[in-house]
Structures are given as C-alpha cells and as structure tokens.
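In: just a sequence and a predicted model for now, questions to come.
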There are 2 protein chains.
Amino acid sequence: MTARYRADELRDFAAGLFEAGGMPRDRADIVAHYMVEADLMGHDTHGLNLAPLYLDDLESGRMAAAGEPETVRDTGATVVVDGGWLSGLWLIDRAIDIALDRVATYGTVTVVMRRAHHSGCLAAFLEKATARGRMIMLSSSAPAARAVAPHGSYEPVYTPDPLAFGIPTEGDPVLVDISASTTTMNLGFRLQAAGKRFGGPWLIDGAGRATDDPNLFSSDAPGAIMPLGGLDLGHKGFGLGIFVEALTSGLGGYGRADAPDSSPIGCAIYLQVIDPDAFGGGEDFRRQTTWFAEACRAAKVPEGRPAVRMPGDGALARRRDAVENGVPLHPAIYPGLEPWAEKAGLAMPAPIG
Amino acid sequence: MTARYRADELRDFAAGLFEAGGMPRDRADIVAHYMVEADLMGHDTHGLNLAPLYLDDLESGRMAAAGEPETVRDTGATVVVDGGWLSGLWLIDRAIDIALDRVATYGTVTVVMRRAHHSGCLAAFLEKATARGRMIMLSSSAPAARAVAPHGSYEPVYTPDPLAFGIPTEGDPVLVDISASTTTMNLGFRLQAAGKRFGGPWLIDGAGRATDDPNLFSSDAPGAIMPLGGLDLGHKGFGLGIFVEALTSGLGGYGRADAPDSSPIGCAIYLQVIDPDAFGGGEDFRRQTTWFAEACRAAKVPEGRPAVRMPGDGALARRRDAVENGVPLHPAIYPGLEPWAEKAGLAMPAPIG
C-alpha cells in the first residue's frame, strides 16, 4: 500500500526545503502549497515529484531564489512580465491575483510571463479564479526543451504545451488540464525509470511508426512524442500546440527563437481571466455550464462502465479523501526528497498510522 | 476530373441565390465571399456545399434574411451580440470589424454572439485579422445539435465545436482550423451519402467500440462521434469541447440549457482578437512565430514522406492555384445548387475550358 502523509506536514516540509535553498519563506510557502495541491489532486507527476528538479535548479542558479519580476508592459488589461527565472508557481499565483483584482474593470485580463521557471501543475491554480466566479485559461511552453514532433515529422521541435481551463458552475468547478500532445515528458521519465511503457502508441519513431516506448524521446534514437491525435489526427494537436506557442513565447516576445540556455524546464506562461459579468452575466453562464456538466454526467455509457466524469471530478474527490485520510505519495517521490532533506537538516515527513 | 469554376462567377452566383432568398445584396455578397473562400482553400465541406442548407433555412425562416443584430452588452473590450438567427458568416465578418477597430485601444477585444445562424468555415475569416498583424481565435458550437459523446459515453450531447486560430508571421500566416472532436458532422453526411467510411475509427458505438461507420451518428443506432483523442485520450478532446461550450454558450448566456428549437446549425460564436503590440510587441511576436514555423517545416520526416506543412500552407497553396486555374468543386456540390438556381431564375455557373 502507498504510504500516506498529512498535507500540512508535506507543505511545511517542502517550504522548509525551498527556504533552505535560499527562497524567502513567504514565497516558499506558496510554492509548497501548489506542489502539495497537485499531489492532493492526484496529479502526482507534477507535485512533489518535481521538487528535486526545482531544488537542483535553485542550487545551480537556474531558478532564481529571490528578487522581483520586471513588468515589461502594463496596459491594464494586458500585462507582460519578465520573470527572471523566478519560480513559475509563485509568478502564476501573483499573476492570477493581478488579473482577479482588475477583471471587474476590464472584463478580461491577460498576463503573459516570459523567463519564468517551471509552471508546475496547471490544474492546481484554477480554483483561485473559479471560486470567485471567474473563468480562467492557463497555458505554458518550455522554450529550451524539445520533446514533441510537428505532425508528419519524428523530430522533436517543441513541448507538450499544457492548456488548463477553470470553469465555474453552480456546483463544483470544471477543471480541465490537458496538453496539446499525446503525453507528457514527466510521465515519460517516470515510465523510463520504472522500465514501463506508455498506455498507448503515443510516440513516433524514425520510420514514422507509432510506439509506446518511453525511451524514444530522451535517447539518441530518432523519435518524439506525437501531437494529440496521433498518426491520423495529429494535425489537430499540432494546431493546438502552435496556438500555445504563439500565446506564450509569441506574446511574451521571448522563446525558441532566442535559443535560451536556461533550465530545460524554464517556461513561457500565458493566463487570461474572464469575468462572465462582462458578457452574458454570471448567472446565465453558470446556468449553461451546470446544465452541460449534468447532461454529460447523465450520458449513457456502455454496460459495466463507470459514469462520465467531468474534468476535475476525480481530482476534487481525491483531494477530499487526501485531506481526510492523508496524501498518498507515489513510491518514486519519497527517495528523491531524502538527500534534500538531509542537506537542509530537515526530518522527512512521517507516514500516517 | 473535377470541373473548375471562376471564383468571381461563383461569388456572383451564390450572392444571387441569397438575394433571391430575401437577403440584402450587400450582405449576400459577404456571405457568398466567405462560402467561396472556403472552396478556394479546399475546405469543401464548409463552402458552397452548405448553400442548400442555408437557403433552405432562409426559406423556412430559420435563418433571418434581414434586420439588425441586438447588442446585449458592450463594455468596449467585451461585446455580446444577439444575432437573431441572422447569417453567422455576416455576423462574424461584422464582429471582426468591431474587434479590429478597437483592439489597439484595449489590447484584446472579445465578441460573443448568441442566436447566430451557422458559422461556416472558420479558416476563411482568419486572414482578415492576420493581414493587420493581429492574432485571432474564433470558435463556435451548435446548441440545438448533438453529435459528439462525452469521453466514456456513447450518447451524443454536444457538437464538434471547431476552434480556429490565425497567427501572423513574417511570411504567410498560420491558419489553424480544427475541432475538439475526431471529425465533423458535415463530413459524416457526405460519406454517408457516398456510402463511404471515415478515415479512421473516429466514432464510438453502444458497446464502447471504436468504428469508422458514418451511419452511426445520425441513425437511431446508439453511437456518436468521439472527442479528439479517441478511446485512449478522449478526455483531452472532451476538455477542449467543454472549453468551447463555455466560451460560446456560456459567455453568450444562451445555449443547450435553453433547448433551442432553432435550425440544428444555429450557432453560438466566440471570437477574440489580440494585438501583439499590447504585449511583447508585434516584431518580437512575428520573430518567434516565424522561427517556429521554419523549425517545423525543416523538421526531419520519415524517408519518402512529404515535408511538414504548417496549418494554412496547403489552403493558401490551393487558393493560389484556384485563383489562377479556377475553383474545383466537389462533385456532390453542383447538383445540390441546381434547384435553387432554378427557383431564383439564375443560370448555373459554367465550368472553365
């Protein structure tokens, strides 16, 4: 059985690690909050699993520990921030605050951040906006990394390019967190380490064949992750990835064209917060989104299969369970944290019960 | 060989049909322009192919021939329009004009249209914005139609929900026009009529099996179009469809919750125009998008396969050819127009050469 841990202990522990790495405690608390939030929601490749990577970048200076981001442009409704490789998690939290403060005035507020460190688990940020009745779109790309091939090619040019959408309803919000590719790099690393294969033929090899071999995209063998849609419909995922690249690196004005020598997980980040009251009104918005969610949940499924879940339903159920019964940590995560705990002089969190 | 026609003759002819149906000539010209534009670009299920459907709705009153749309809300940067079932093509053209006029002031301008008639071929509208250096996102859903099942279900609840993105570069723009589903209803109708099958297992039947049978989604047999991603990754296309439903019907405040008894191709439409100068600047934007397009076009492909094309490359090449050598019309299109030409007392366009 996977060991479980108390969420508040994990947060304190993670914040202590980042503080020991030189991050001001108030920022370390925010970073730790979103990392543990990802684990609470069961998105366990993008929670504490990433802490060793982040701490390593913090130690080498590829993540900036302190200092202020630079506002490149601020028109009120549109903001561009140069993150100076500060924590992407902290920068996103701050950007959502800016957008929420202003969105009643402008209707939509868009913040683009260039030169941010990794953006983490996008799903973890969405409720900050939905809890206030706003819709949010959040997306990122990693301009120094290449893992996904354009449709028709097997050569990696860009990244999985996640897109997340938070949509308020009369009940639980809908929390979508997908990527424009078939799968992600972090899942690939985990499967590689475990000697396992992907759940489907989501990569393409040098001969143009689909394969489930996770060794392909990080070895010298020709091959890459495919855009969402795969061999037959990959032009659709490719189009979506192009959209994300334009929103993040394009609007930010810094990206692949600059061949950044940053951490491979350095990010360009786009977010837009939308106030339904600037459109048809919050009440009618929630009436539509609630009707749609209920219609989907009630849709017929093949005999013996589980009912349709809206995106976020599973994550919110896992979080309720984790808050009550402790956070299950994937077995790969704990050992990766031990050397950092030792270095920081912190005790590892103790499993519950 | 498919017969070819002169683009200007097709436009005059189509405008004449809509004028005969009661549409003011200046609007009929705009509608005809975008329909023929779709055929010029080779998107031939969404060009003149749709004219009989539109003319039928015009005759029955399910498309309004004349009258003004109602502005429900206008904050400057956000606009909601009630289209009163006027032509979606004309409404989109008008909405892009509104957005382009204002976008230098607001940075982003968002227009949502409820109760519009069909939105046509979204790719045909994008260059209006990209030619002026703006980025555009355009999307629609059809609240009175059901063809796509939520991931995990086989019961149709929503529509293919197209998304289109126009992205300026230093050269040709990138023109993305995809759907959140594996395929579209209009392609299904054409394949059904021709007794053909889809290019992949893009539908789901009542037992949860993937199939390429186009009869499934419009017959009484249980089954539906799947979200993009299919059996293994359909949660991603489903998430994308939910996003489109929220942007279109949600922000418009009118949709499936109202069980509209309109034409099944009545639409809720969302568009946003973005001024890169309100972000990192147009020059840096185009530097990034151009670099990315070039890197994709240069990416290695399996031996004997064609080079990577950016979305829009094929359509723009087809249009250059069609302008010079005439527009090829899919064989299914011409016969559908003949009864309407007769009714309007118009001669059918003559093939070239």
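Out: Nice, thanks for sending it over.
In: residue A:314: what secondary structure?
Out: helix (DSSP: H, G, I helix; E, B strand; the rest coil).
In: for it, which non-adjacent residue is spatially closest?
Out: Of all residues not flanking residue A:314 in the chain, residue A:42 sits nearest, at 6.9 Å (C-beta to C-beta, 6 or more residues apart in numbering or on different chains). Any C-beta I mention is one placed from the backbone N, CA and C, and that applies to glycine too.
In: tally of neighbours for the one you found?
Out: When neighbours are counted by other C-beta atoms under 10 Å in any protein chain shown, residue A:42 registers 19.
In: right, and it touches residue A:321 too?
Out: No: if you go by C-beta atoms under 8 Å, residue A:42 and residue A:321 don't touch, sitting 9.3 Å apart.
In: what is the end-to-end distance of stretch A:81-95?
Out: 9 Å (C-alpha to C-alpha, to the nearest Å).
In: from the chain's centroid, how far away is it?
Out: Taking C-alpha atoms, centre = their mean, to the nearest Å, one finds stretch A:81-95 lying 14 Å from the centre of the chain it belongs to.
In: touching that stretch from outside, list them.
Out: By C-beta atoms under 8 Å, 6 or more residues apart in numbering or on different chains, the residues outside stretch A:81-95 that reach it are A:23, A:27, A:30-31, A:34-35, A:54, A:62-64, A:67-72, A:79, A:111-120, A:125, A:128, A:138, A:140, A:254, A:262-263, A:266-267, A:269, A:271.
In: residue A:309: what secondary structure?
Out: With three-state DSSP as the basis, residue A:309 sits in coil.
In: show me what contacts it?
Out: A:297, B:152.
In: ok, it to residue A:315 distance?
Out: The gap separating residue A:309 from residue A:315 is 10 Å, by C-beta to C-beta, to the nearest Å.
In: next, give phi and psi for the residue nearest to residue A:314.
Out: phi 90, psi 10 (degrees, to the nearest 10).
In: before we move on, what about residue A:167?
Out: Per degrees, to the nearest 10, the backbone of residue A:167 is at phi -130, psi 110.
In: neighbours of residue A:104, how many?
Out: Using other C-beta under 10 Å, residue A:104 has 13 neighbouring residues.
In: do I have it right that it meets residue A:274?
Out: No: with contacts defined as C-beta under 8 Å, residue A:104 does not count as touching residue A:274, sitting 11.4 Å away.
In: now stretch A:26-46: buried residues?
Out: For stretch A:26-46, a neighbour-count test (16 or more other C-beta atoms under 10 Å in any protein chain shown) marks A:27-46 as buried.
In: in strands only, show me the contacts of stretch A:81-95.
Out: A:70-72, A:79, A:111-116, A:138, A:140, A:267, A:269, A:271 (DSSP state E).
In: out of the residues you listed, who's nearest chain B?
Out: residue A:112 (5.5 Å; C-beta to the nearest C-beta).
In: okay, and the beta partners of that closest one?
Out: With DSSP bridges as the criterion, residue A:112 is bridged to residue A:80, residue A:270.
In: my guess is it contacts residue A:80, does it?
Out: Yes: assessed by C-beta under 8 Å, residue A:112 is found in contact with residue A:80 at 5.1 Å.
In: give me the common contacts of the two.
Out: A:251, A:252, B:279, B:280.
In: what's the local residue count around residue A:62?
Out: 18.
In: same question for the one 4 residues further on.
Out: Counted by other C-beta under 10 Å, the residues lying close to residue A:66 total 9.
In: residues in contact with it?
Out: A:22, A:23, A:24, A:27.
In: residue A:311 now?
Out: Residue A:311 neighbours (C-beta under 8 Å, 6+ apart): A:174, A:175, A:176, A:177, B:235, B:238, B:239, B:242.
In: so of the shared contacts of residue A:112 and residue A:80, which two are at opposite extremes in space?
Out: Between any two of the shared contacts of residue A:112 and residue A:80, the greatest separation by C-beta to C-beta is 7.0 Å, found for A:252 and B:279.
In: ok, the residue lying closest to residue A:258 once chain neighbours are set aside - contacts?
Out: The shortest distance from residue A:258 to any non-neighbouring residue, by C-beta to C-beta, 6+ apart, is to residue A:143 (7.3 Å). Shown in contact with residue A:143 (C-beta under 8 Å, 6+ apart): A:249, A:254, A:255, A:256, A:258, A:260, A:262, A:266, A:267, A:268.
In: out of those residues, which sit inside helices?
Out: In this view, the contacts of residue A:143 have no member that belongs to helices under DSSP state H.
In: I'd like the residues you listed as JSON lines, with neighbour count and pLDDT appended.
Out: Below are the contacts of residue A:143 laid out as JSON lines (neighbours: other C-beta atoms under 10 Å in any protein chain shown; pLDDT from 0 to 100):
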{"residue": "A:249", "neighbour count": "33", "pLDDT": "98"}
{"residue": "A:254", "neighbour count": "23", "pLDDT": "97"}
{"residue": "A:255", "neighbour count": "29", "pLDDT": "97"}
{"residue": "A:256", "neighbour count": "22", "pLDDT": "97"}
{"residue": "A:258", "neighbour count": "18", "pLDDT": "96"}
{"residue": "A:260", "neighbour count": "20", "pLDDT": "92"}
{"residue": "A:262", "neighbour count": "19", "pLDDT": "92"}
{"residue": "A:266", "neighbour count": "24", "pLDDT": "97"}
{"residue": "A:267", "neighbour count": "31", "pLDDT": "98"}
{"residue": "A:268", "neighbour count": "33", "pLDDT": "98"}
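In: from the shared contacts of residue A:112 and residue A:80, pick the one nearest residue A:166.
Out: Looking across these and measuring by C-beta to C-beta, the closest to residue A:166 is residue A:251, at 20.1 Å.
In: so the closest one sits against residue B:274, correct?
Out: Yes: proximity of residue A:251 to residue B:274 meets the contact threshold set by C-beta under 8 Å, at 7.2 Å.
In: only alpha carbons, please: show stretch A:280-292 as CSV.
Out: Only the C-alpha atoms of stretch A:280-292 are listed here, as CSV (Å, rounded to 0.1, in the frame of the first residue of the first chain):
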residue,chain,number,x,y,z
GLY,A,280,-24.0,37.5,-20.8
GLY,A,281,-23.8,37.6,-16.9
GLY,A,282,-22.5,35.2,-14.3
GLU,A,283,-25.9,33.7,-13.6
ASP,A,284,-26.6,32.7,-17.2
PHE,A,285,-23.0,31.5,-17.6
ARG,A,286,-23.4,29.1,-14.6
ARG,A,287,-26.8,28.0,-15.8
GLN,A,288,-25.3,26.9,-19.1
THR,A,289,-22.2,25.3,-17.6
THR,A,290,-24.2,23.5,-14.9
TRP,A,291,-26.7,22.2,-17.5
PHE,A,292,-23.9,20.9,-19.7
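In: from residue B:157, how far out is residue A:300?
Out: 10 Å.
In: show me which of the two is the more surrounded one.
Out: Using other C-beta under 10 Å, the more surrounded residue of residue A:300 and residue B:157 is residue B:157, with 22 against 17.
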